[in-house]
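**Student:** Got a predicted model here, sequence first, then my questions.
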Amino acid sequence: MQIDWLTVAAQIVNFLVLVWLLQRFLYRPISAAMRRREARIEDRLAQARTTRQEAAEEAERLGKERAALAEEKAGILDKARADAAELHQELEAELRAEMEDKRKTWQRHLEEERDEFTRRLQRHAGQRLIDIAERVLADFAGTDLSERIATTFVSRLESLDEDARARLVEATRQADSAVIATGRPLDPTTRGKITRALHEALASDIPVAYREDEDVLLGVRLTIGDQTVEWSAARHLRRLETALDEILDSEGRGPRAAGTAQNSAATARPPRPERSAT
Amino acid sequence: MEISPDAWVLAEWQGWRLTATVGFTWLVMAFLVIVSRAITARLSEGETVSRWQVMLEVIVTAIRDQIDEVGADDPDRYLPFIGTLFLFIATANLLAVVPGYEPPTGSLSTTAALAICVLIAVPIFSITRRGLGGYLKTYIHPTPLMLPFNLIGELSRTLALAVRLYGNVMSGTVIVGILISVAPFFFPILMQLLGLLTGLIQAYIFAILAMVYIASASRSRPKPDNQPDTDNPNTAGD
């Protein structure tokens, strides 16, 4: 057990060198690495906290946005419902107006049809009446109805009052010819009789033209210029028409009473004015 | 039978003798430095760390924790000195399993050198921390009458450090040598294993005692105005 002081000194130096070497190669790098790693972990944790906070804020913001969107959606839906209801009302009103128009059109057509029917009925009835009257006249008077009409016309001409005769005479001076319109064709004898009577009554040799006119039905219509003298069944037929109108109106107020005051007003036509010089 | 590796001369050149003590010391130093350099050259600071780096980190952290437990308030200040004491002694002792190796700690010259280092380090750490006056006051504490006893204590504990380590390590070697001559099979292996344990314990004891001496000399005393002591007071002295 001895101490070699030289070795002791050498070992002291060796130990100090080892301290320096290990400080350089072991403690310092390891400590630094651990410190840096801790700092990095701390950084990461701080970053994670920040990120989490940001995420929470973002989530809150998104929640608010979503609520706002839901509110907006509800508002839009409400508005759409209101618009739809309004549109529904408008369409309903339009439809009602259209229905009303159609109903009126239909009613108008109905009235026109009735008028047409009335007219045809008038004509048929007049025709029938004339036929009957003609047959009765032919049976009982033993003469042709046309001749009878001519005779009546001639007697009427003769019995014209002065005022009317003067107007007719005045008209013959301006007009080129006189026009006799009858419902049926007249035989030449009758025509001659009428021409002669006309010439005598008006003291004129104005040419006379004969024409057939369905509207005259039965009788004679004399037209000279703007003067007209008429003796025909038309007047009686118009009375008959008025009577028929009244009958139809009273029937129209029955089953087809959808018609209103307007309907009846439309049908209550004013009587046609008679263009008679007499 | 060789008792001290001091007597084993590995080489001789112009009157300078390289004894086994110094030679194996260099070997241990080279081993420690090379291993440290090899591992710390590829240090990772990310999440994945190599197992060698983990080993070094565990060792360094454990030494620092031990220093902290003894009561030093700044472990990094003492880490190189105390850590090197522990690593050197432990490595020198553990390498004893290698055939042909003679632990340098089995030489009284080595242990004396280490003890002298501690003897010098205690006042140096104390003076850098408390100043020269503060350090000298520790010798006349609690009364100037204690000065001779403090001085004797300082020297005797240095001697005790040196002899304790030397005796333990040398005895291990000697016991193995004796046992080989008495019972050459198996039994020396068990004693060798026991020697490993003893060597590690001795390294720990030497380093811890050195730290205790330094800490007790460096610790600032409570101020008269009863300011709270920032040092850890629960450290036992020698």
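**Tutor:** Yep, it's here. Numbering: from 1, shown residues only, chains lettered A, B, ... in the order given.

**Student:** What segments of chain B are strands?
**Tutor:** B:9-13, B:16-19 (DSSP state E).

**Student:** ok, the first one: who's next to it in the sheet?
**Tutor:** If I follow you right, that is strand B:9-13. strand B:16-19 (antiparallel) (DSSP bridges).

**Student:** Off-centre distance for the strand it pairs with?
**Tutor:** Distance of strand B:16-19 from the chain centroid (CA atoms, centre = their mean, to the nearest Å) equals 24 Å.

**Student:** repeat for stretch A:70-83
**Tutor:** Averaging C-alpha positions (CA atoms, centre = their mean) puts stretch A:70-83 35 Å from its chain's average.

**Student:** how far away is the residue most central in space within chain B from residue A:247?
**Tutor:** Using CA atoms, centre = their mean, the residue of chain B that lies closest to the mean C-alpha position is residue B:85, 3.4 Å off. The gap separating residue B:85 from residue A:247 is 146 Å, by CB to CB, to the nearest Å. Every residue, glycine included, has its C-beta placed from N, CA and C.

**Student:** do the same with residue B:133
**Tutor:** As judged by CB to CB, residue B:133 and residue A:247 stand 152 Å apart.

**Student:** Show me what the lengthiest helix in chain B is packed against.
**Tutor:** Longest helix in chain B, counting residues (DSSP state H): helix B:147-182. When contacts are defined as 3 or more CB pairs under 8 Å, 6 or more residues apart in numbering or on different chains; DSSP states H and E, helix B:147-182 packs onto helix B:108-137, helix B:187-218.

**Student:** make it 10 Å
**Tutor:** When contacts are defined as 3 or more CB pairs under 10 Å, 6 or more residues apart in numbering or on different chains; DSSP states H and E, helix B:147-182 packs onto helix B:75-94, helix B:108-137, helix B:187-218.

**Student:** and of those, who's closest to residue B:173?
**Tutor:** Minimum separation from residue B:173 across the helices and strands packed on helix B:147-182 (CB to CB) falls at helix B:187-218, 7.7 Å.

**Student:** Distance from the chain centre to the closest one, please.
**Tutor:** 8 Å.

**Student:** close enough to count as contact, residue B:77 and residue B:218?
**Tutor:** Yes: here residue B:77 reaches residue B:218: they are 9.1 Å apart, a contact under CB atoms under 10 Å.

**Student:** okay, and the common contacts of these two?
**Tutor:** Counting by CB atoms under 10 Å, 6 or more residues apart in numbering or on different chains, the common neighbours of residue B:77 and residue B:218 are B:125, B:128-129.

**Student:** Most tightly packed of the helices and strands packed on helix B:147-182?
**Tutor:** For those, average neighbour numbers computed from mean count of other CB atoms under 10 Å in any protein chain shown are highest in helix B:75-94, which has a mean of 22.

**Student:** now could you export just the CA positions of stretch B:88-104 as PDB?
**Tutor:** The C-alpha trace of stretch B:88-104 is given here as PDB (Å, rounded to 0.1, in the frame of the first residue of the first chain):
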ATOM      1  CA  PHE B  88     -15.100   7.300 -14.200                       C
ATOM      2  CA  ILE B  89     -15.200   5.200 -11.100                       C
ATOM      3  CA  ALA B  90     -18.200   3.100 -12.200                       C
ATOM      4  CA  THR B  91     -16.700   2.400 -15.700                       C
ATOM      5  CA  ALA B  92     -13.200   1.600 -14.200                       C
ATOM      6  CA  ASN B  93     -14.800  -0.800 -11.800                       C
ATOM      7  CA  LEU B  94     -17.300  -2.400 -14.300                       C
ATOM      8  CA  LEU B  95     -14.600  -3.000 -16.900                       C
ATOM      9  CA  ALA B  96     -13.100  -5.400 -14.400                       C
ATOM     10  CA  VAL B  97     -15.100  -8.200 -16.100                       C
ATOM     11  CA  VAL B  98     -12.700  -7.800 -19.000                       C
ATOM     12  CA  PRO B  99      -9.900 -10.300 -18.700                       C
ATOM     13  CA  GLY B 100      -6.400  -8.700 -18.400                       C
ATOM     14  CA  TYR B 101      -7.900  -5.500 -17.200                       C
ATOM     15  CA  GLU B 102      -6.800  -4.100 -13.800                       C
ATOM     16  CA  PRO B 103      -9.100  -1.400 -12.400                       C
ATOM     17  CA  PRO B 104      -7.100   1.800 -11.900                       C
END
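
**Student:** For residue B:139, give me its contacts.
**Tutor:** Residue B:139 touches B:146-151, B:153-154, B:217, counting by CB under 10 Å, 6+ apart.

**Student:** make it 7 Å
**Tutor:** B:147, B:150-151 (CB atoms under 7 Å, 6 or more residues apart in numbering or on different chains).
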